[in-house]
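Asker: Sequence plus the predicted model coming up.
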Amino acid sequence: MGCEVEMKAPVEDADIIEGRIREMGGEFLGEKVQEDFYLSHPCRDLRGADEALRLRREGERWMVTFKGARKKGNLKIREELEFAVGDGAVALEVFGRLGFAVGAKVFKIRREYSIIGATIAVDRVEKLGGFVEIEAPKEGDEEERSALVEKVAALIGVEKGLFTTSSYVELLESRSSLSMDSI
């Protein structure tokens, strides 16, 4: 079990952010194409409980992730449980037979960096544009991890006022004024 501590902010120009990361000594970890399938529960309102169940495809790799309710604050702090599955298509079929439905899909290209112990993701999200996410390591004191995220954000020039705790699904909904089931 782990608790994620992260921040997310929109960026006008992802290339500028990547340049700042490199200038500050950030190590490029690679580029990934991610397709996320957010599942709705047949009997329980995950959204109402501020929880999420996601199946993510990253190349040939598939992961199932449960995200717990967010703690209040300007950073996103929540429980995160994750495991790999061998065949995502079969996993989707199993979830479907259990009554789950794909409520939303998010497609993004993610470029990851590491800097002073934090992971920085520069995302280009379909229908949303550029974002930067900074995540602290899963281990350690929550306050220290939060301070690290804020320090890295300041280091690369991301203003605290731009932070959002909204998920990409919520941002897509607010942009399109559609319900989750319509995306």
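Answerer: Done, it's in. Numbers count the residues shown, from 1 in each chain.

Asker: C-alpha only now, for contacts and for neighbours.
Answerer: Fine.

Asker: contacts for the helix ranked longest in the chain?
Answerer: As assigned by DSSP state H, the longest helix anywhere in the chain is helix 142-155. Helix 142-155 is contacted from outside by 5-7, 24, 75, 115-116, 118, 134-137, 159-160, using Cα atoms under 8 Å, 6 or more residues apart in numbering.

Asker: now do stretch 18-29
Answerer: 111-115, 122, 155-157.

Asker: Inside helices: which ones of the residues you listed?
Answerer: residue 155.

Asker: would JSON lines of the contacts of stretch 18-29 with neighbour count be doable?
Answerer: What follows is the contacts of stretch 18-29, written out as JSON lines (neighbours: other Cα atoms under 10 Å):
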{"residue": "111", "neighbour count": "19"}
{"residue": "112", "neighbour count": "21"}
{"residue": "113", "neighbour count": "21"}
{"residue": "114", "neighbour count": "18"}
{"residue": "115", "neighbour count": "17"}
{"residue": "122", "neighbour count": "27"}
{"residue": "155", "neighbour count": "14"}
{"residue": "156", "neighbour count": "18"}
{"residue": "157", "neighbour count": "12"}
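
Asker: Relative to residue 17, which of the contacts of stretch 18-29 is nearest.
Answerer: residue 156 (6.8 Å; Cα to Cα).

Asker: mind listing the helices for the chain?
Answerer: Going by DSSP H, the chain shows helices at 14-23, 88-97, 142-155, 168-176.

Asker: quick one: buried residues of the first one?
Answerer: When you say that, I think you mean helix 14-23. The neighbour-count check on helix 14-23 (16 or more other Cα atoms under 10 Å) flags 14, 17-18, 21-22 as buried.
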